[in-house]
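In: Sequence and predicted structure, then a few things I'm wondering about:
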Amino acid sequence: MKKIEAVIKPFKLDDVKEALNEIGVQGMTISEVKGYGRQKGHKEIYRGAEYVVDFIPKVKIEIVLPADRIEEAVEVIRKAALTDKIGDGKIFVIPVESVVRVRTGETGPDAI
Amino acid sequence: MDTGDTAFMLVAAALVMFMTPGLALFYGGLVRSRNVLSTILQSFICLGMVTLIWVTYGYTLAFGTDVGGLIGNFEYLFLNGVGTEPGPYSDTIPHLLFVAFQLMFAVITAALITGAFAERIKFSAFLVFTFFWTSLIYLPVCHWVWGGGWIEAHGALDFAGGTVIHINSAVAALAAAIVIGPRKGWGKEAMPPHNVSMTVLGAGILWLGWFGFNAGSALAADGIAVNALMTTQVAAGSAAFSWMLYEWKVHGKPTALGAASGAVAGLVAITPAAGFVSPMAAIAIGLVAGVICCMAIRLKARFGYDDALDVVAIHGVGGLWGALATGLFASLAINPDGANGLFYGNPGQLGIQLIDSLAVIAFSLIGSLIILKLIDRFIGLRVSEEEEIQGLDLSQHSEVGYTL
């Protein structure tokens, strides 16, 4: 099993969610996060004084899937989140040791 | 007595009163969220303290019979002899209404200064400062310009208080910013406004109230009042526009804060001129005010004083420009009780305007510095570093503006 952590532009969340639904991904966890990559943040100007705001709002999606489904899911997320402009985000893939479903106690891929 | 004039002046007084809560929002939006209530309260409580000063001994010192060109006498102490019959300043409205109208000016003048020391002054020190500043600086200057004092005798034109209110308060603001020192982290960390929407709303309320401020200064529902209302609108609109365009050119983007600041700068600049100049002159006064006040904000960083909310740049520079512009554009054709300015063949008026502005600047600067230094020595002006970081809302008032 592996976990995908995708940090994307907030307005792309719906597109990504729908695209993942179409390939049968059943659940996800999202959080509102802030950060920046190579593009840095944005500039704000108040009465002529410029402030650089480094951390700009993003959405992070976390999904755990069987290893053989990861490649497809990553590609779906990438396509759905793409705007071709700077700041589109990053997708991380991380190994997952185990998963437990709280309600039933199932473990492993059955619990996803 | 004239019921039309009285009705108009009742409304004008109420409009000017509304400027102070408007200013509270204007300033409140500009500070960081942990200081929003302390900033709002500093304006709001002037409606309490200055009102008490005004109706007890303030009005009589400002508008009582002149003593040596410097101050009024005590004939109206505790409003003694001030009733609903017309008084010496107008034949057509009750004397008490004139007292009320002028009271609102005294209130907002004290409130204007608070923009300079926002986010770091002890509330107790602020109250003591406001008490002494209003008593020792505002009342004499008000008397000099409007109450029969030496500046009025000298022939200076100040229709609605460019010198009395804006230059006077801005100079006190400069003194306060210097004595109290910059906010912790100023120049190193960002201190962006926490709610620009609130600031724009406050500017809108100020603009509305300013119609009472300027048109009401005619003290009658007459043609001068109409002219003042129109010049006020034209100057404010012109300055909002020119500040925005200037900022767009220099910084690359037009901003709402710039437009709102420009409107206030235009309102300040037209204040001394409102009843003496034409609406076309008001365009020039407003356009110039928007640009020079925006430029003036850069001086703050250059000279190293932290006038937190730019009282000096907007009210000081705007007020001085307005005083001088009155000497340029004033016309007897607009107001036969005024004078002609430079552009109408009377260059001397410009000199009078300049000299009297400089006199008020000198008096207010020195007087304010002395008051501030004494307060600092005896009770301390500034909150502790820990309280400043915590924010004045919690440290001074045990309340917060937002629970989100």
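Out: Arrived safely. Numbers count the residues shown, from 1 in each chain, chains lettered A, B, ... in the order given.
In: Lowest mean pLDDT among the helices and strands of chain A, which one is it?
Out: Here the helix or strand of chain A ranked lowest by mean pLDDT, DSSP states H and E is strand A:49-53, holding a mean of 85.
In: Give me the sheet partners of that one and which way each runs.
Out: Within its sheet, and counting by DSSP bridges, strand A:49-53 is paired with strand A:42-46 (antiparallel).
In: Where does chain A get nearest to chain B, residue-wise?
Out: In chain A, the residue that lies nearest chain B is A:Tyr51 (4.0 Å; CB to the nearest CB). C-beta here means a position set from N, CA and C on the backbone, and glycine is covered the same way.
In: Distance of that residue relative to B:Val250?
Out: Noted for A:Tyr51: a distance of 16 Å to B:Val250, by CB to CB, to the nearest Å.
In: what's the pLDDT at residue 108?
Out: Going with chain A. The model reports A:Gly108 with a pLDDT of 90.
In: was after chain B, sorry
Out: Reported pLDDT for B:Ile108: 98.
In: That one reaches B:Gly22, doesn't it?
Out: No. With contacts counted by CB atoms under 8 Å, B:Ile108 stays clear of B:Gly22, the gap being 9.1 Å.
In: near chain A, which residues of the stretch 51-200 of chain B show up?
Out: B:190, B:192-193, B:196 (CB under 8 Å from any CB of the partner chain).
In: any chance of those residues in CSV, with secondary structure, distance to B:Ile361 and neighbour count too?
Out: Below are those laid out as CSV (DSSP: H, G, I helix; E, B strand; the rest coil; distance: CB to CB, whole Å; neighbours: other CB atoms under 10 Å in any protein chain shown):
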residue, secondary structure, distance to B:Ile361, neighbour count
B:Ala190, coil, 32, 13
B:Pro192, coil, 31, 15
B:Pro193, coil, 28, 20
B:Val196, helix, 31, 16
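In: With pLDDT added, can I get those in JSON lines?
Out: Shown next, in JSON lines, are these (pLDDT from 0 to 100):
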{"residue": "B:Ala190", "pLDDT": "88"}
{"residue": "B:Pro192", "pLDDT": "94"}
{"residue": "B:Pro193", "pLDDT": "97"}
{"residue": "B:Val196", "pLDDT": "98"}
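In: which stretches of chain A form strands?
Out: A:2-8, A:29-35, A:42-46, A:49-53, A:56-65, A:89-95 (DSSP state E).
In: From the chain's centroid, how far away is the third one?
Out: Right, strand A:42-46. Computed by CA atoms, centre = their mean, to the nearest Å, the separation of strand A:42-46 from the middle of its chain amounts to 27 Å.
In: buried stuff in it?
Out: Buried residues in strand A:42-46, counted by 16 or more other CB atoms under 10 Å in any protein chain shown: A:45-46.
In: tell me the contacts of B:Phe276?
Out: By CB atoms under 8 Å, 6 or more residues apart in numbering or on different chains, the contact set of B:Phe276 is B:157, B:159, B:326, B:329-331, B:334-335, B:338-339, B:341.
In: And the helices in the stretch 301-404 of chain B, which stretches?
Out: Remark: helices assigned in the stretch 301-404 of chain B by DSSP state H, counting those that start in this stretch are B:311, B:317-329, B:348-378, B:385-390, B:392-397.
In: hmm, who's touching the fourth one?
Out: Right, helix B:385-390. Residues contacting helix B:385-390 (CB under 8 Å, 6+ apart): B:34, B:119-120, B:183-184, B:382, B:395-396.
In: quick check, nearest of those residues to chain A?
Out: B:Arg183 (13.2 Å).
In: Give me the distance between the closest one and B:Ser169.
Out: 20 Å.
In: Repeat that for B:Ile285.
Out: 20 Å.
In: on that earlier part again, may I ask which of the contacts of B:Phe276 has the most neighbours?
Out: B:Thr326 (34 neighbours; other CB atoms under 10 Å in any protein chain shown).
In: Let me see the contact set for that residue.
Out: Contacts of B:Thr326 (CB under 8 Å, 6+ apart): B:157-159, B:162, B:272-273, B:276-277, B:341, B:349, B:353.
In: can I assume B:Phe44 is in contact with B:Ala24?
Out: Yes. With contact defined as CB under 8 Å, B:Phe44 reaches B:Ala24; the gap is 5.4 Å.
In: out of those two, which sits in the busier spot?
Out: B:Ala24 (26 against 17).
In: I'd assumed B:Ile45 was in contact with the more buried one.
Out: No. Taking contacts as CB under 8 Å, B:Ala24 lies outside contact range of B:Ile45: 9.8 Å.
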